[in-house]
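> just to be clear, the model below is a prediction. Sequence and coordinates:
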Amino acid sequence: MEEVERRIALKKDRYIFEGDSKWELILLGVVCYILSKKYERPVSLYRKDKEDSQGSIRAPQEGYNVVEAMDTCKELLMTYGGHPPA
């Protein structure tokens, strides 16, 4: 989480989108949730692999459906899924 916060401090984007090959996939959902609440912005974190990447998305807004958002760019994604309030 410290690495992501260091990167965020260097930018002032409305959407946090960061990735790294060293990050543990199992922790990304929790870290996304914490950062989305702290910075009040949507957060996407992903682990880079050689062939593809996997990650997690969280949005601070009540009622924002992350799955619907991914539907709008599904042609860019190999696979995706989740639950709406993520």
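Ah, there it is.
> who are the neighbours in contact with the nearest residue to A59 once chain neighbours are set aside?
Ranked by CB to CB, 6 or more residues apart in numbering and with sequence neighbours excluded, the top spatial neighbour of A59 is P42, at 4.3 Å. In short, each C-beta sits where N, CA and C put it, glycine included. Neighbour list for P42: 15-16, 36, 57-61, 64 [criterion: CB atoms under 8 Å, 6 or more residues apart in numbering].
> ok, A59 next?
Neighbour list for A59: 36, 42-43, 66, 69, 86 [criterion: CB under 8 Å, 6+ apart].
> check the secondary structure at E18 for me.
Here E18 takes the strand state, with states given by DSSP: H, G, I helix; E, B strand; the rest coil.
> tell me the bridge partners for it.
When bridges are called by DSSP bridges, E18 pairs up with L45.
> so it sits against K11, correct?
No: look at E18 against K11 with CB atoms under 8 Å: they stay out of range, at 9.4 Å.
> just want to know which of those two has more residues nearby.
Comparing E18 with K11 by other CB atoms under 10 Å, the one with more neighbours is E18, at 20 against 10.
> from V4, how far off is that one?
According to CB to CB, to the nearest Å, E18 and V4 sit 5 Å apart.
> what is in contact with the two at once?
L45.
> which stretches of this protein form strands?
16-20, 43-48, 53-58 (DSSP state E).
> helices of the chain, residue ranges please.
For the chain, the helices defined by DSSP state H cover 2-10, 25-39, 66-71.
> tilt between the first one and strand 16-20?
Helix 2-10 and strand 16-20 meet at an angle of 140 degrees, taking axes from the mean of the first three to the mean of the last three CA atoms, to 10 degrees as the criterion.
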